[in-house]
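Visitor: okay, sequence plus prediction incoming.
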Amino acid sequence: MKGDNCVAIASDLRFGVQAQTLALDFEKVFPMGPHLYLGLPGLATDTLTVRDRLKFRLNLYELRESRKIHPKTFSALVSNMLYERRFGPYFVEPVIAGLDPVTFEPYVCNMDLIGCINEPEDFVVAGSCTEQLYGMCEALWEPNLKPDDLFETCSQAIVNAFDRDAVSGWGAIVHIIEKDKITSRKIKTRMD
Amino acid sequence: MASVLLAENQEPGFSFENCRRNAFLAKKGNALPKATKTGTTIVGIIFKDGVILGADTRATEDTIVSDKNCSKIHYLAKNMYCCGAGTAADTEVTTQMICSQLELHRLSTNRDIVPVVTACKFLKQMLFRYQGHIGAALVLGGVDNTGPHLYSIHPHGSSDKLPYTTMGSGSLAAMAVFEAGWKPELTEEEGKLLVRNAIAAGIFNDLGSGSNIDVCVIRRGSVDYIRPYETANLKGEKQMSYNFKKGTTAVLDVKTVPIIIEDVVVHHTGESAVESMDTSS
């Protein structure tokens, strides 16, 4: 979600195989740069593989260019990597949230599994309960929220959305990315 | 050492390494997530001085609107634009690839303006090579030295050269408007109005199309990319603020990582800072 010079990105913590829950600490949001976070919901093995392969490409980029990547460029990097596997895709639907390293302007985008980028002005959602998330975010989000308000909005949206989805939940973590700090909060949720 | 660095697949073309695994997963019950499609109404007409392309701006994932304002008119060259319907990622990447191919062709043939039929050929050849698996249905329009041209290209690689054409799920609604209203030698204003009406017909009658109307007018020597031409559908005003009081959400754990900016390096780019090349050796 975009806020006033800040962005929020949140994920649930469940790791399971269809009906069976196997872990309650599987974060799906990974830091890719000081102000850049990447969320990878979907098949867990692809979450980890895509994260590692992207980190490799990102490291090569930062070595060649000697600077931190901009979020827009990073989303092009992710999109290209996913489209390379157009006919045998990774089962992930990435969500990217970050601040531009120079202007600190907020940026969010999400992609489908073959890399079609969607860059709206407000919020993006992905995962197994996207319909519930769309509903919650459309109702709760408003422009120019301050970091504390953005945290409340984002966490209430995600918690109430995944409470209506049987295969999501079991804890959640919310990261608020601002110019001078990143605050990660684990929230108390229903554990069912 | 080189093989460690090149462990990532850098070969040209698609990578099929996950196909066997994905087929196995599909059999086990893990169906493929849906790709974003552009339900779409895209249109093109030839008018007196050139070509007008029009598109709606909705992208869907099954029945959910995933992007309320996506851009479906893609840049190919300074005299050519291409509207795309079908699988969104396919139209985006196909038009980008052909855009770079066109630029290389332009440089190697030392031309200023590449003929529109060249772009059509490149697109057809690529789509036919993949036998329709790349789901990109395109309306290509442009003005070159022989005049304005409009092509519609289907995912299997066939193309039609027409004075007016529509593609996408809303194509029938739009074509109805064209059949009633198109005539040769339209003026620019008449043409823009006709395109606007055709896209509006698609937006309001087809479920897969919606949101705003984008228009692109290509004349010999100039292009007007009007996005949005008309915001046909505005979002409703929120009646109340649904903000929560601070502290509503129960927090288990807080971790704050400060980002300390140690060093700011500013590289100046631009005419004032251009260093001359050292050509002494």
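Guide: That came through, no problem.
Visitor: from here on, contacts and neighbour counts on C-alpha atoms
Guide: Will do.
Visitor: contacting residues around the spatially closest residue to A:I96 that is not a sequence neighbour?
Guide: Distances taken as C-alpha to C-alpha, 6 or more residues apart in numbering or on different chains place A:L38 nearest to A:I96, at 4.6 Å, with adjacent residues excluded. Going by C-alpha atoms under 8 Å, 6 or more residues apart in numbering or on different chains, A:L38 touches A:29-32, A:94-97.
Visitor: weed out the non-buried ones from the residues you listed.
Guide: A:29, A:32, A:94-97 (16 or more other C-alpha atoms under 10 Å in any protein chain shown).
Visitor: ok, which stretches of chain B are strands?
Guide: Here chain B has its strands, by DSSP state E, at B:37-38, B:42-47, B:50-55, B:59-61, B:64-67, B:73-77, B:80-87, B:136-144, B:147-153, B:159-161, B:164-167, B:213-219, B:222-230, B:251-258.
Visitor: between the ones you listed, which one is nearest to A:G42?
Guide: For A:G42, the closest of those is strand B:59-61, at 15.6 Å, according to C-alpha to C-alpha.
Visitor: who are the packing partners of that closest one?
Guide: If you count contacts as 3 or more C-alpha pairs under 8 Å, 6 or more residues apart in numbering or on different chains; DSSP states H and E, strand B:59-61 packs onto strand B:37-38, strand B:64-67.
Visitor: is it true that A:R64 lies in a helix?
Guide: Yes: judged by DSSP: H, G, I helix; E, B strand; the rest coil, A:R64 forms part of a helix.
Visitor: now it: how far from chain B?
Guide: Relative to chain B, A:R64 is positioned 13 Å away (C-alpha to the nearest C-alpha, to the nearest Å).
Visitor: residues of the stretch 1-150 of chain B that sit close to chain A?
Guide: Neighbours of chain A within the stretch 1-150 of chain B, by C-alpha under 8 Å from any C-alpha of the partner chain: B:8, B:13-19, B:22, B:32-36, B:64, B:66-67, B:69-70, B:88-89, B:92.
Visitor: buried among the residues you listed? Make that a ChimeraX selection.
Guide: To isolate the buried ones among those in ChimeraX, judged by 16+ other C-alpha under 10 Å, type:
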select /B:15,19,22,32,33,35,36,66,67,69,70,88,89,92
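Visitor: how many residues are close by residue 85?
Guide: With no chain named, the answer covers chain A. By other C-alpha atoms under 10 Å in any protein chain shown, the residues close to A:R85 number 20.
Visitor: right idea, wrong chain: chain B
Guide: Residue neighbour count, defined by other C-alpha under 10 Å, stands at 28 for B:A85.
Visitor: right, and it touches B:T91 too?
Guide: Yes: the pair B:A85 / B:T91 is scored as a contact, 6.8 Å apart, by C-alpha atoms under 8 Å.
Visitor: mutual contacts of those two, please.
Guide: With contacts taken as C-alpha under 8 Å, 6+ apart, B:A85 and B:T91 have B:136-138 as neighbours in common.
Visitor: relative to B:G168, which of those is nearest.
Guide: Using C-alpha to C-alpha, the shared contacts of B:A85 and B:T91 come closest to B:G168 at B:A137, 7.4 Å.
Visitor: ok, now how distant is the closest one from B:E185?
Guide: 27 Å (C-alpha to C-alpha, to the nearest Å).
Visitor: which residues does the nearest residue to A:Y90 once chain neighbours are set aside contact?
Guide: Leaving aside its sequence neighbours, A:Y90 sits nearest to A:D46 (C-alpha to C-alpha, 6+ apart; 6.0 Å). A:D46 makes contact with A:90-92, according to C-alpha under 8 Å, 6+ apart.
Visitor: between those, which sits nearest B:L107?
Guide: The closest of the contacts of A:D46 to B:L107 turns out to be A:Y90 (C-alpha to C-alpha; 36.4 Å).
Visitor: quick one: that closest one from A:A157, how far?
Guide: Here A:Y90 is placed at a distance of 27 Å from A:A157 (C-alpha to C-alpha).
Visitor: more neighbours, those two?
Guide: Neighbours per residue (other C-alpha under 10 Å) separate A:Y90 from A:A157, with A:Y90 holding more: 25 against 22.
Visitor: helix, strand, or coil at the more buried one?
Guide: On the basis of three-state DSSP, A:Y90 is classed as coil.
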